[in-house]
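[1] here's my sequence, what's the structure:
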Amino acid sequence: MQSQVEGIVIRTMPYGETNKIVTLFTKEAGKITCMARGAKKPASRLAAITQVFTHGTFSIYKGRGMGTLQAGDPLESLRHIREDIMSTAYASYVTELIDRLTEQDEPQPVIFDMLYQALHAIDEGYDPEAITLFVEWKMLQQAGLTPTLHQCANCGATEGEFAFSFQELGFLCHRCFHIDRYIIRLSPALVKLIRTFYFVPIERVGSLTLKKESKSLLKQIVRTIYEEKAGIRLKSRKFLEQLERTPEFLPKKEELPKDE
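    Next up is the predicted model:
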C-alpha cells in the first residue's frame, strides 16, 4: 500500500553499505520508520531528502514489516541548523526527546506542529536553548508527568512566594515550604517563566530573551524531573553539555536580560 505523508526526518541510521533506516515524524501518522534503499550513495535521489531535520513530503510503500521510502520532495532543508554546531546540538536534543517519548504509528498533530515550529525557530536564529527548554517542559505530559504549576501542590494556594518541589512534582507556596527540605526557591519572574514554557504556545515563546542564570536553573529543574521521575537521560545531552562548557562555541555577547 502506497501512502504520501508530510514529515520531518528526526533520526537516521545506516543499514548495510548503502541503505538507511529513516525515522520520520509525520503530520498524518505520527512517528514512522522506513527503509531508504541506496540512500547512502551520494548520487541517490534519496540522499538529500533523508538528511536529519529535512521537512518534506514522502512516498512510502507499506507491506509487511517496515515500510520502504520510495521517493521524497523537500519542502525545506532547514540547512542553517546543520551549518551551526550549537543549533545542530540543540535540534538533535529536541528530536531525540520527541523520538524517545512517542510511539510508532500514533498520530500526534500537536507534537508535529511543536516540532515544526521549534526547528524553524532554531533555523531562523532564535535562542536554541530557550526553544529547547520550551520543548522539554511541554513534553513532560507526554512522559506521563503532570507537574502542578498553576497553584501550590500541597494546599492549592495561588498567591504568595513559590518554590519548586521534586518531591511534590510542582510548586509549593511559602506556607508549605516545610514539607520538602530540598525545594528550589523561585523568584516571581522564574515562576512566570516556568508557567510560560509549560502552558503557552511556542509562537509566543520564540522571541523571549532569557538570562543565562535563568536558563540554567530552568534546565536543571526540568532535566532532573525527567531523570528522577521518568528515568530519561538522552544521549545527545552529553554532547550538548560539552559544547555549553566550551567557551569558543558560546555567544560572544549576552543579550540584555528581559525576563526579570
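[2] got the residue ranges for the strands in the stretch 51-200 of the chain?
    55-61, 67-76, 162-165, 170-173, 184-185 (DSSP state E, counting those that start in this stretch).
[3] the shortest one pairs with which strands?
    Meaning strand 184-185. strand 162-165 (antiparallel) (DSSP bridges).
[4] run through who's touching the partner strand.
    Outside strand 162-165, the residues that touch it by Cβ atoms under 8 Å, 6 or more residues apart in numbering are 152-153, 170-174, 177, 179-180, 182-186, 191, 194, 221. (Each C-beta comes from the backbone N, C-alpha and C, glycine too.)
[5] rounded mean pLDDT for it, please.
    For strand 162-165, the mean per-residue pLDDT is 98.
[6] swap in stretch 2-11?
    94.
[7] now it: buried residues?
    V5, E6, G7, I8, V9, I10, R11 (16 or more other Cβ atoms under 10 Å).
[8] and if you look at stretch 72-86?
    Buried-residue list, stretch 72-86, by 16+ other Cβ under 10 Å: G72, S77, L78, I81, R82, D84, M86.
[9] per-residue pLDDT, the fifth one?
    Model confidence at R82, expressed as pLDDT, equals 90.
[10] check contacts around it.
    Applying Cβ under 8 Å, 6+ apart to R82 gives the contacts Q51, V52, F53, T88.
[11] same question, P109
    K27.
[12] export the lowest-mean-pLDDT helix or strand in the chain to CSV, keeping only CA atoms.
    Least confident helix or strand of the chain, by mean pLDDT, DSSP states H and E, is helix 235-244 with a mean of 88. What follows is helix 235-244, C-alpha atoms only, in CSV (Å, rounded to 0.1, in the frame of the first residue of the first chain):
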residue,chain,number,x,y,z
LYS,A,235,22.5,10.6,24.5
SER,A,236,22.5,14.0,22.8
ARG,A,237,22.6,15.7,26.2
LYS,A,238,26.2,14.7,26.9
PHE,A,239,27.4,16.3,23.7
LEU,A,240,25.3,19.4,24.2
GLU,A,241,26.7,19.9,27.7
GLN,A,242,30.2,19.5,26.4
LEU,A,243,29.5,22.3,23.9
GLU,A,244,27.9,24.5,26.5
